[in-house]
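Chemist: Have a look at this prediction, sequence included:
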Amino acid sequence: MCPLDEDTQPIKTIPTQVAPPTAFKDPAGGALGHIVSVYRPRRVNPIIPWIWLSSGALVSVGLLGYGAYLAFWSHSRFGPVPAIAWSGPWLIFGGVALLFWLMVSLYSYSRIQPVIWLYELGLCIEKGRPRNLLWEQIDGIASGTVVQFPWTGGTRIVRYSASLFPAKGSPVLLYGASDGKNGIPNLPELVRRIKANLFPGLQSELARMFRSGLPLSFGLVGIDQAGLKLLPRIPLTGTRSVSWGNVKQISVQSGFLLVELIHPRNPFKTGRTYRLPVAKIPNLELLIKIINQNVQS
């Protein structure tokens, strides 16, 4: 029922070299065993954030200050109506500029990538205060790729993204690129290593839960012994429930999970097809394996 492509092949453990204990200052304090590898994001030129912060503050505060000056000056000489008419546009532009500056600053801060310390027993996510996670404290990981071709030609760039889902707390968003200029270098290698440590224990537990009749959630996809539940990519548009008997094929192609249904009037034709981005489906490989092993085609 579920053919696999290169993104969903069985995970192979990658041999790694354990870094000498004296090579790094262990942020986990020995709680996660020996350090296996460290993934540091590419550093951003510190001049760029300072230019953005200073220019944004200067423009927004300048507009608001000039608007306040016009309001005070015109009100003292001509009254409130001219004061509102002359100062209003400057205050509005200043408020919009300040709001835009704050929103972009917060978004840029959220995109700052952490240092990922890979250990024998788990991960340490270092962004400000270090956060230690044992493998048992991680519910899953989702990953995806997007291929971009420069407008001026040249070598294509592959953008990598991954979402790590701790058992408690918000997901950790990671990104990188094949040219190594953005985000975490070698992010695909990090994702493979996380899966190699995480999936063996998760697979047996999820398979046991499924056989016991419990529903399982994989982000946009939920499964139980009755069928699939497909969450909408657009909120508030309704969940689709599909019985296993109506599913013709499930496959992964070009970064999407394709759920092909049987045609309602011709069982030899394909009916409706749902396309779900794999980057929003944690533990995709385990979802495919559980369906293949436990659902009759």
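Modeler: Structure received. Numbers count the residues shown, from 1 in each chain.

Chemist: Where does the prediction get shaky in the protein?
Modeler: 1-24, 150-154, 233-238, 266-270, 296-297 (pLDDT under 70).

Chemist: okay, now the domains of it?
Modeler: 47-110, 213-294 (automatic domain parsing).

Chemist: all strands in this structure, in order from the N-terminus.
Modeler: Along the chain, counting by DSSP state E, strands occupy 35-39, 115-119, 122-127, 129-134, 138-148, 157-166, 172-177, 216-218, 221-223, 227-230, 240-243, 247-253, 256-262, 270-277.

Chemist: where exactly do the helices run in the chain?
Modeler: According to DSSP state H, the chain carries its helices in the segments 47-78, 80-110, 187-211, 284-294.

Chemist: Any idea which of those helices gets closest to D139?
Modeler: For the helices of the chain, the distance to D139 is smallest for helix 187-211, at 8.1 Å, taking Cβ to Cβ. In this view, the C-beta of every residue, glycine as well, is placed from N, C-alpha and C.

Chemist: Strand 115-119 and the closest one, what's the angle between them?
Modeler: 60 degrees (axes from the mean of the first three to the mean of the last three Cα atoms, to 10 degrees).

Chemist: which residues are in contact with helix 187-211?
Modeler: Counting by Cβ atoms under 8 Å, 6 or more residues apart in numbering, helix 187-211 makes contact with 11-14, 16, 36-37, 39, 116, 118, 123, 135-136, 138, 140-141, 143, 160, 162, 164, 174-176, 184, 216, 223-225, 283, 285-286, 289-290, 293-294, all of which sit outside it.

Chemist: which of these count as buried?
Modeler: 11, 36-37, 39, 116, 118, 123, 135, 138, 140-141, 143, 160, 162, 164, 174-176, 184, 216, 223, 283, 285-286, 289-290 (16 or more other Cβ atoms under 10 Å).

Chemist: Mean neighbour count, the helices of the chain: which tops it?
Modeler: Of all the helices of the chain, helix 284-294 has the most neighbours on average by mean count of other Cβ atoms under 10 Å, namely a mean of 19.

Chemist: So what's the gap between that helix and the chain middle?
Modeler: Taking the mean of its C-alpha atoms, helix 284-294 sits 22 Å from the chain's own mean (Cα atoms, centre = their mean, to the nearest Å).

Chemist: For it, output the C-alpha coordinates as CSV.
Modeler: Only the C-alpha atoms of helix 284-294 are listed here, as CSV (Å, rounded to 0.1, in the frame of the first residue of the first chain):
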residue,chain,number,x,y,z
LEU,A,284,7.0,9.8,8.6
GLU,A,285,9.1,6.6,8.1
LEU,A,286,7.4,5.1,11.1
LEU,A,287,3.9,6.0,9.8
ILE,A,288,4.7,4.2,6.6
LYS,A,289,6.1,1.1,8.3
ILE,A,290,3.1,0.8,10.7
ILE,A,291,0.7,1.0,7.8
ASN,A,292,2.6,-1.5,5.7
GLN,A,293,3.0,-4.0,8.6
ASN,A,294,-0.5,-3.7,10.2
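
Chemist: packing partners for it?
Modeler: Judged by 3 or more Cβ pairs under 8 Å, 6 or more residues apart in numbering; DSSP states H and E, the packing partners of helix 284-294 are helix 187-211, strand 216-218, strand 221-223, strand 247-253.

Chemist: now the angle from it to helix 187-211?
Modeler: With the same axes, to 10 degrees applied, the angle from helix 284-294 to helix 187-211 works out at 30 degrees.
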